[in-house]
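Novice: let me see the structure of the following:
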Amino acid sequence: MPQEIMKRYIVLLPLLSVLFSLYIGVNSVFPVDFIKLEREFAGKGATQGRFGKEIHLAFDNDNIYVSDAENRLIQKLSATGEFLFQIPETPESPDNILRKPGHLAVDSLGNIYVADVTIQHIAETGTEAGAPKVYMFVPCVHKFSAKGELLDTHFVDPVDVLPKVVLPANLIIDEQGKTAFAIQPKGYDRALRVALNSQNELYVLDAALGRVHKFSTDGAALLTFGRYGAGEGEFDMDASDIVIDPRGNVLIADTGNHRIVRFDAAGKPLGSFGRKGRGNGEFMKPMALVALPTGEILVKDASRFRRKVGGLPEVIALSPTLTQLTELTPGQAELSDAITNATRLRYGPFAQSPATAADNAALNRRVRLLEEAEYSRYYAEETDAEDKEELAEELKRKDIRLTLFHNIISRIQKFDLNGRYLGRIVYETDQLSEEKHDQTFLDLDAAGYLYLRDDSDFTIAQYSVSGFTVKPSHMNGFYSVRAANLQNNYLEDYEDIDFSTDVQDELNQLELKNMFGWTYSLSERWHLTFLDELTYGEQDERYVTPAKVEDSYDFETQALENAFAANLKFITNPNPYRYKELNLSIGRVDGTSDLTQDALFPDLNKQRRVDTGDASSTVIELNWDIWSRTNLWLRYADLNPAETSRNFVRRFYDVSGDLYEVFGSRNEARQFLGELTIKF
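Specialist: This next block holds a predicted model:
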């Protein structure tokens, strides 16, 4: 790159420092941590460290416990995922009491508590001669010793009396081989969640009925509290987790109400924290809780922040393609337009057309995908499941083909014991990765490790929290190179009675274009984009007039141009109905060009012309949604030149080779534009 461009490029350094300082300044108030892969273990199977689809995890200081509903067992693994033992040893045995083991917990003695469904004999039935026994299916919590022995079963529904209403029953054979009846009341197989306090007392969240049950270490029912609703001391029927903090208080992930509800150890309401939203301290359906020994509470919610950038144009025209390669905002589009209009060549072989082939190609792709989606919608009933699946896969392949990168960012928020927001952990799932695109959240442990599961092969990945560092795994980039070489040879015969060459014009054109794009998700709401396009072009023309050779000439031009754009995006409110974002964009274009036109036969004519040109333009832009319906747009542009592709100096030499004329042109403009838009 010529020294002139390199010197001008230094101007960008302070501007880039502004971008990073802006991020660091904001981020220091609300810290962001990232994750690092520690190990992978498990996989699809039925035993010995492999599992089915529906599993739950529990942890103690040294081990991982996994309940497997499909295979009806509980496995104990080491902290690094090696198989240790399982309950029961033979899951296929008719003596296996596990029917659908779900959420589980482990106390300080190593005893294992697992939510399940069981069948319980109603004691007052079958006592008379010939009278059949009656059994009832009910939700329960089994307690196993550290060695896998069944110690107790806790019930959250009455199981020792007959129901007061008429219910349908199934005919069964009991354990003695006699005919009996089994009742399956509504909700008998509902999911329960379990948690233990430091005294090994058991808490059972029965969200479907809006209550929490507390049991002593010997299995005695101590109290019941909570109710369905959205007020104080209430939670929704889809409350998804329960945890006991270091103070002994009970925290419930009130998923439907987008908050965390708190009770003391005796069931007295202590209020709640959080509300619906994607901001700091806000939740979109909180789903998992964990209390760390340090006193912090981690909350995982369902928030998903997408980063998706479309693919390269099918035809990269001789025009800037910055606006096709990033998540467009009005600011970026205007920025690139300003650079284009002010500094790119408008005349000659490298001039750009108003509507580029890239624009048309992008439009055609969108129309084609829309048409295919409409076809799928209208004719879905006329195709079988296999055809629909094949069509879905085809659309997915096209989407991946046209996407540079597509990541989904998830978060885990950190709070103190009083519910004050402290920070967050963010992690990305690469939707274009064949191996990692279907990783889903599984659990958190008390050491702060994150567990994700691959829904294809059921492997479990353990991640530690590593703090904020710039990692290649969080970066996305692309590189594109384009070469165009055009050779044209024109022979012309002017108006006369013979066919002979009056003019021979040989024209060669070359363009080399390198484009580099780099993006980095600083957090789920901060996103940094850099784009750089370096273009080299040259043209060589040999114009020969055999009838008058002294008028023949040789024309050469070389041009080098570098266009750089940076954009820092901050989504101030990700709620789609109150969406707001802030964009700070910086663009810089530097270019040089040299043109020489020499007489082809200097012994006859020394006439020549020499042009030198340069360009250096900077645009800084702010696009800010002050409120969800109010947008402020500001742009400062230093356009140099403002009306042509180059500022140039042109020197003319006569037939004797002497300089006889110098012509210079310099035009530049400084612009400040502002626009306020309010929507009613």
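Novice: which residue ranges form the helices in this protein?
Specialist: 3-9, 12-27, 330-343, 357-378, 385-401 (DSSP state H).
Novice: weakest of the ones you listed by average pLDDT?
Specialist: With a mean of 36, helix 330-343 has the lowest mean pLDDT of these.
Novice: backbone dihedrals for the most far-flung residue of the chain relative to its centre, both of them.
Specialist: Here the chain reaches farthest from its C-alpha mean at residue 497, the gap being 72.8 Å by Cα atoms, centre = their mean. With angles defined as degrees, to the nearest 10, residue 497 sits at phi -90, psi 0.
Novice: give the contact list for it.
Specialist: With contacts taken as Cβ atoms under 8 Å, 6 or more residues apart in numbering, residue 497 has no neighbouring residues. Glycine gets a C-beta too; all of them are placed from N, C-alpha and C.
Novice: numbering from 441 from now on, please.
Specialist: That works, and once the first residue is 441, the last one we named lands at residue 937.
Novice: do you know how far it is from residue 930?
Specialist: 21 Å (Cβ to Cβ, to the nearest Å).
Novice: what of residue 637?
Specialist: To residue 930, residue 637 is 91 Å away according to Cβ to Cβ.
Novice: same check on residue 879?
Specialist: 61 Å.
Novice: looking at the two, which is more packed in?
Specialist: Ranked by neighbour count (other Cβ atoms under 10 Å), residue 879 and residue 930 place residue 879 first, with 22 against 10.
Novice: could you verify my assumption that the more buried one touches residue 899?
Specialist: No - contact criterion Cβ atoms under 8 Å: residue 879 and residue 899 do not qualify, at 9.2 Å.
Novice: what's the overlap in contacts for those two?
Specialist: When contacts are counted by Cβ under 8 Å, 6+ apart, residue 879 and residue 899 have residue 893 as shared neighbours.
Novice: give me phi/psi at residue 563?
Specialist: Torsion angles, degrees, to the nearest 10, at residue 563: phi -60, psi -30.
Novice: if we ignore the residues flanking it in sequence, what's nearest it?
Specialist: Spatial nearest neighbour of residue 563, excluding adjacent residues (Cβ to Cβ, 6 or more residues apart in numbering): residue 600 at 5.5 Å.
Novice: so what's that neighbour up against?
Specialist: Going by Cβ under 8 Å, 6+ apart, residue 600 touches 562-564.
Novice: next, the buried residues of stretch 942-961.
Specialist: Within stretch 942-961, the residues that count as buried by 16 or more other Cβ atoms under 10 Å are 943, 947, 949, 951, 953, 955, 957, 959-961.
Novice: repeat for stretch 851-871
Specialist: 851-855, 859, 861, 863-871.
Novice: residue 864 against residue 718, yeah?
Specialist: No - look at residue 864 against residue 718 with Cβ under 8 Å: they stay out of range, at 11.2 Å.
Novice: low-confidence ranges in the protein?
Specialist: 441-470, 750-827, 909-913 (pLDDT under 70).
Novice: not counting sequence-adjacent ones, nearest residue to the most centrally placed residue in it?
Specialist: Centroid-nearest residue in the chain, with Cα atoms, centre = their mean: residue 848, separated by 1.9 Å. Nearest residue to residue 848 in three dimensions, chain neighbours excluded: residue 869, at 4.8 Å (Cβ to Cβ, 6+ apart).
Novice: for the one you found, what are its contacts?
Specialist: Each residue near residue 869 by Cβ under 8 Å, 6+ apart is listed here: 847-850, 876-877, 879.
Novice: in TSV, list those along with distance to residue 712.
Specialist: Output for those, formatted as TSV (distance: Cβ to Cβ, whole Å):
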residue	distance to residue 712
847	32
848	28
849	26
850	23
876	35
877	35
879	31
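Novice: and the residues you listed, which of them are buried?
Specialist: For the contacts of residue 869, a burial check counting by 16+ other Cβ under 10 Å picks out 847-850, 877, 879.
Novice: wait, doesn't residue 1073 sit right on residue 1115?
Specialist: Yes - using Cβ under 8 Å, residue 1073 is in contact with residue 1115, at 4.5 Å.
Novice: of the two, who's got more company?
Specialist: Between residue 1073 and residue 1115, counted using other Cβ under 10 Å, the more crowded position is residue 1073 (18 against 12).
Novice: before we move on, back to that, return the closest of the buried residues of stretch 851-871 with respect to residue 835.
Specialist: Distances from residue 835 to the buried residues of stretch 851-871, taken as Cβ to Cβ, are shortest for residue 871 (14.0 Å).
Novice: that closest one against residue 844, yeah?
Specialist: No - using Cβ under 8 Å, residue 871 is not in contact with residue 844; the gap is 11.8 Å.
Novice: if I pick residue 933, what's in contact with it?
Specialist: With contacts defined as Cβ under 8 Å, 6+ apart, residue 933 is in contact with 939-942.
Novice: and for residue 724?
Specialist: 698, 716-718, 741-743 are the contacts of residue 724 under Cβ under 8 Å, 6+ apart.
Novice: how many neighbours does residue 645 have?
Specialist: Counted with other Cβ under 10 Å, residue 645 comes out at 27.
Novice: determine which two of the contacts of residue 724 are furthest apart.
Specialist: Maximum pairwise distance among the contacts of residue 724 (Cβ to Cβ): 12.2 Å, between 717 and 742.
Novice: give me the more crowded residue out of these two.
Specialist: The neighbour count for residue 717 versus residue 742, taken as other Cβ under 10 Å, is higher for residue 717 (17 against 14).
Novice: so what's that one closest to, chain neighbours aside?
Specialist: residue 1015 (6.2 Å).
Novice: right, and the one you found touches residue 722 too?
Specialist: No - Residue 1015 lies out of contact with residue 722 (Cβ under 8 Å); the separation is 9.2 Å.
Novice: which one of these two has more residues nearby?
Specialist: Per other Cβ under 10 Å, whichever of residue 1015 and residue 722 has more neighbours is residue 722, with 19 against 15.
Novice: skipping adjacent residues, who's closest to that one in space?
Specialist: Excluding its sequence neighbours, the residue lying closest to residue 722 (Cβ to Cβ, 6+ apart) is residue 715, at 5.6 Å.
Novice: who touches that neighbour in this structure?
Specialist: Listed by Cβ under 8 Å, 6+ apart, the contact set of residue 715 reads 698-699, 722-723.
Novice: now with 10 Å?
Specialist: The neighbours of residue 715, taking Cβ atoms under 10 Å, 6 or more residues apart in numbering as the test, are 697-699, 721-723.
Novice: cool, and residue 864?
Specialist: Residue 864 makes contact with 470-473, 720-721, 738-739, 743, 851-855, 963-964, according to Cβ under 10 Å, 6+ apart.
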